[in-house]
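**Q** sequence plus predicted model, see below.
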Number of protein chains: 2
Amino acid sequence: MTATMKAAVVREPGKISVEAVDRPEPGPDQVLVKVHAAGVCHTDLTALRGLVPLPLPLVLGHEGAGVVEAIGSGVTGLEAGDHVVLSITYGCGRCRQCQKGAYGLCEVGAPVALGGVLPDGASRLAKDGERLHHFLFQSSFAEYAVVPAACAVKIRKDAPLDVVCLLGCGAITGYGAVIRRAKVAPGDSVLIIGAGGVGLAAVMAARLAGANPIIVSDVNDDALALAREVGATHTVNVSTGKTAVGEAQRLTGSGVDFAFDAVGTSATIDEAFQSLCNGGEAVAIGLADFAATASVPVFNLIYEKRLTGTNNGSIRPHVDIPAAVDLFMEGRLPLDRLVTRRYDLDQVDTALADMDGGSGRGVIVF
Amino acid sequence: MTATMKAAVVREPGKISVEAVDRPEPGPDQVLVKVHAAGVCHTDLTALRGLVPLPLPLVLGHEGAGVVEAIGSGVTGLEAGDHVVLSITYGCGRCRQCQKGAYGLCEVGAPVALGGVLPDGASRLAKDGERLHHFLFQSSFAEYAVVPAACAVKIRKDAPLDVVCLLGCGAITGYGAVIRRAKVAPGDSVLIIGAGGVGLAAVMAARLAGANPIIVSDVNDDALALAREVGATHTVNVSTGKTAVGEAQRLTGSGVDFAFDAVGTSATIDEAFQSLCNGGEAVAIGLADFAATASVPVFNLIYEKRLTGTNNGSIRPHVDIPAAVDLFMEGRLPLDRLVTRRYDLDQVDTALADMDGGSGRGVIVF
C-alpha cells in the first residue's frame, strides 16, 4: 500500500481541500523534504482563483521550509537531516541567464515554473493513480514536498522554520529587490509603495543597507505603524489625500534615488517612476495585474530615470537565503514581525481568507 | 569701437541669418574660444523651428571645436592656444549629481541649459546693446564662443577639429550610450534603431566594445550600408516589412541584451523594449518627440527588462571626449565617416536644410 500524506489540493478555481494523497518519492536531482512550515503568500490566492493559467488539480503552497527526508540519485551537497528553505527560484546553473547570475530567469526553469511539473518535465505528485500538479516547483501545503535539489537551500539548524520559510518567496523578494536588484547603498533615499509582507521585507532590507530616508506608503495605518517599527523613517497614508509622489518630493527636495512598488498595478508603478530624482530607478517588485501597462513619459528618460522589475528579488538563492537567515538570527532582519498568525494545514482556507482580508501574513505549521 | 564677429542668429522660429555681432569677452570661470568647426546636429533644427521653448534671439550651434583665445578669471587647466572640443555637458563638479558622475544631470547646469544664458545666469552675447542668448552654453555657429571652462574639453593638437567637433554632442551621445550608460561588454548582443549620426556613433562604440551581433535598423539603404562599414554585423530596412523586433529575435533566439533607440519616438522606444531578452536593457538615446509616452507591458518587468535613457551619453566630458579623440586618431573610431559635407558659415541655411533632407551630417568650418 502506498504511503499517504495530507496536502491542500485545488481541483477547481476558488476551492481548496485537504486530502490524503500519495507521499511522493524524489527522482534524480530531487529531494524529498518533510515540510515543517509554509508561508501563505498572495500568489497562492492568485493561483487559487485561477487568475494565472495553471493546470489543475494542483497542490498549493510555495513558501516551505523543512528537513530533508531523502535525496534522489545524483544529488550533491544535501543529505537527510539538513534543514532547508524551499526557494521558488530554480537555477540550472548552466544556462546563459544562470551564469549571468540571473537565476530567476533560468532558461530551463522560468518557462515551466507555472507548468505544473518539475524542471525535468514530470510530476511526482499523484493520488490513487491520478496525476496532481506541482505549484512553482514546490507544493508545500503538504506534509512532504519533492523539489529540485537546486530549490532546497540548506540553512543553519537553529533557525525557526516557521519564520524563515518566508524566505522561500515573499520576504526574499522584497529583500532582494533592495539588496540585489537596486543595490541600495548607505545614504540612498528610498520610497516603498505598499506595506504588505513583501513591502515590509523591502523596508527591513533598506534599513539594513543604510538607506535614508525610507518612506513607506500604504492605505492601512496598522501596516504603516509596523513599517516604522521595522525601519521606515517616514510613512504616508495615501487614503488621507497625501500622495507617495508628493511626500517623496517634499522629504527629499528632488525625488528619491530608488522607488519600489510592492503593489503591482499600473497606477502604483507609475507612481514609483514619478517619485524619482534625476538618475533614479523604479523597481516593480510584484504584479497584482498581469495585463497592466505602465506609462513612461519619455522626457524623463533624458533625465536618466530607469524603470525595471525583479523576479523573486533577483536573488542567488544559495547565497542570499542563508545570509538572510543569519541576519535574522542576529536580530538585524526582523522577519518574525511579518508573521501574524500560525495555522494548521486543516485551516488553510481560513489562512487564505485572512490574507485576503488584509489581516496579514500567516504561516501553516505542521 | 567694439570688435565684431560673424554669427548665425535666430530671431524668429524658422529663420536664421548670419550677422555681425559683438565679439564676446569671457567672464569669471569662462573661456573665449576661436571656433574652427561646428557640427550641424538635429537639435539645431529642433531649436530653429521653435519646438523647444528657447528665448530669442539666440546664436545657434552646439557642436563646436576650436582654440582657446583667452581665459577668464579663475580658470584653471586651460590656456590660450589649447585645442578644445566644446561639450554641451556642463558639470559644476560639486553638486550631488556631478559627484555621482552624472555630469549631464548637474543641478546647476541642467535646469538652465535651455535658458539662453551661461550657468552663472548671464549672457555674454550682444549686438549693439541688444542682448542675444546662448544655446546649450555654446552658440558655436559663430567665429568666437564664450563657454564655461567646464565645457571646454582640452584635446590633443593633432586631431582634426572639423571631425572631432562632433564629440561636442551627437557622436559622444551615441558613443556614451553604449560605453557609459549601458556598459556594453564583449559578446553582448545589441540592436540600434536609427542609423543617423547618433546611431552610427553607437554602432562604432558597440563594435569597439566587442558587441556581437550588432543589428541596425533604418529606412534608408545608404545609411544601413554605412552602418555595415562602421561595424554593424546585420542590418534591416524596416520599410521592407521586416521589423527590428523580428530580426532581433531571429538573430539571437531570445532577444538582445541591449537595444538603443536613436530615433526617439514612442513607437521606436517601444520597439527597443520589445526586442530585449529577459534581463535586457533598452536605452532611449534621443528624443524626437518631447511629449511622447512609452508603454511598458508590466509583465516584462518580472523578466527584469529595463527601460532607461541617457543625457548626452551619460559621459564624463573630460574623460570620455579626449579618449574618443585618441581612439579616432588610432583609427578605431571612424568619426570622419559621419561627416558628409563641409560648409561655410554663410551656408548655414543650406547645411540645416541638407540635414533635414536626410543627406547626412554637415560641419560648418571657419
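**A** Great, that's in hand.
**Q** phi and psi next, for A:Ala205.
**A** Note on A:Ala205: its backbone torsions stand at phi -70, psi -40 [degrees, to the nearest 10].
**Q** thought it was touching A:Val178?
**A** Yes - assessed by CB atoms under 8 Å, A:Ala205 is found in contact with A:Val178 at 3.8 Å. In this view, the C-beta of every residue, glycine as well, is placed from N, C-alpha and C.
**Q** am I right that A:Lys6 sits in a strand?
**A** Yes - counting by DSSP: H, G, I helix; E, B strand; the rest coil, A:Lys6 is part of a strand.
**Q** list the contacts of A:His36.
**A** Contacts for A:His36 (CB atoms under 8 Å, 6 or more residues apart in numbering or on different chains) come out as A:65-67, A:161-162, A:165, A:365-366.
**Q** list buried residues within these.
**A** Buried members of these, scored by 16 or more other CB atoms under 10 Å in any protein chain shown, are A:65-66, A:161-162, A:165, A:366.
**Q** return the member of these nearest to chain B.
**A** A:Cys165 (22.4 Å; CB to the nearest CB).
**Q** next, give phi and psi for the residue of the stretch 51-200 of chain A at minimum distance from chain B.
**A** Distances between the stretch 51-200 of chain A and chain B by CB to the nearest CB are smallest at A:Leu105, namely 4.4 Å. Main-chain torsions, A:Leu105, degrees, to the nearest 10: phi -100, psi 10.
**Q** I'd say it and A:Asn311 touch.
**A** Yes - the pair A:Leu105 and A:Asn311 passes the contact test of CB under 8 Å, sitting 6.3 Å apart.
**Q** hey, what's in contact with both of the two?
**A** Counting by CB under 8 Å, 6+ apart, the residues touching both A:Leu105 and A:Asn311 are B:303-304.
**Q** just the element for A:Gly101, please.
**A** Using DSSP states H and E, A:Gly101 sits in no helix or strand.
**Q** what's the neighbour count on the closest residue to it other than its chain neighbours?
**A** Residue nearest to A:Gly101 in three dimensions, not counting chain neighbours: A:Arg316, with 6.2 Å by CB to CB, 6 or more residues apart in numbering or on different chains. Residue neighbour count, defined by other CB atoms under 10 Å in any protein chain shown, stands at 18 for A:Arg316.
**Q** what about A:Arg316, distance to A:Leu136?
**A** Applying CB to CB, to the nearest Å, the value for A:Arg316 to A:Leu136 is 18 Å.
**Q** and the pLDDT at A:Ala351?
**A** pLDDT recorded at A:Ala351 is 95.
**Q** what does A:Asp29 give?
**A** Looking at A:Asp29, the pLDDT reads 97.
**Q** re the thing from before, now do the contacts for the residue nearest to A:Gly101.
**A** By CB under 8 Å, 6+ apart, the contact set of A:Arg316 is A:91, A:101, A:103, A:180.
**Q** mind giving me the PyMOL select for those, buried ones only?
**A** Here is the PyMOL command that selects the buried residues among these (16+ other CB under 10 Å):
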select buried, chain A and resi 91+103+180
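**Q** tell me the span between the first and last residue of stretch A:85-97.
**A** Across stretch A:85-97, the terminal residues are separated by 23 Å (CA to CA, to the nearest Å).
**Q** kindly report the same for stretch A:8-17.
**A** Rule used - CA to CA; the end-to-end distance of stretch A:8-17 is 5 Å.
**Q** what's the local residue count around A:Gly362?
**A** Neighbourhood size, A:Gly362 [other CB under 10 Å]: 23.
**Q** ok, back up a step: using TSV, lay out the contacts of A:His36 together with distance to chain B.
**A** TSV is the format used below for the contacts of A:His36 (distance: CB to the nearest CB, whole Å):
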residue	distance to chain B
A:Ala65	24
A:Gly66	27
A:Val67	31
A:Leu161	28
A:Asp162	28
A:Cys165	22
A:Val365	30
A:Phe366	30
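**Q** need the helices for the stretch 151-300 of chain A, in chain order.
**A** For the stretch 151-300 of chain A, helices defined by DSSP state H, counting those that start in this stretch occupy the ranges A:161-164, A:170-176, A:197-208, A:221-229, A:244-252, A:266-274, A:299-302.
**Q** who wins for proximity to A:Leu78 among the ones you listed?
**A** A:Leu78 lies closest, by CB to CB, to one member of those: helix A:161-164, at 15.9 Å.
**Q** so what's the model's average confidence on the closest one?
**A** Computed over helix A:161-164, the average pLDDT equals 98.
**Q** what mean pLDDT does the strand or helix carrying A:Gly362 get?
**A** Counting by DSSP H and E, the element that carries A:Gly362 is strand A:361-365. For strand A:361-365, mean pLDDT rounds to 93.
**Q** chain B contacts on the stretch 1-150 of chain A?
**A** Applying CB under 8 Å from any CB of the partner chain, we find that the stretch 1-150 of chain A lies next to chain B at A:97, A:100, A:102, A:104-105, A:107, A:110.
**Q** okay, A:Gly331 and A:Val203: tell me how far apart.
**A** Noted for A:Gly331: a distance of 16 Å to A:Val203, by CB to CB.
**Q** who has more neighbours, the two?
**A** Ranked by neighbour count (other CB under 10 Å), A:Gly331 and A:Val203 place A:Val203 first, with 31 against 8.
**Q** so what pLDDT did the more buried one get?
**A** Note for A:Val203: predicted pLDDT of 98.
**Q** who's in contact with it?
**A** Counting by CB under 8 Å, 6+ apart, A:Val203 touches A:174, A:192, A:195, A:214, A:216, A:227, A:230-232.
**Q** which one of those sits in the busiest neighbourhood?
**A** When neighbours are taken as other CB under 10 Å, the top entry among the contacts of A:Val203 is A:Ile192 (36 neighbours).
**Q** I figured that residue hits A:Ser217, correct?
**A** Yes - checked against CB under 8 Å, the pair A:Ile192 and A:Ser217 is within contact range at 7.5 Å.
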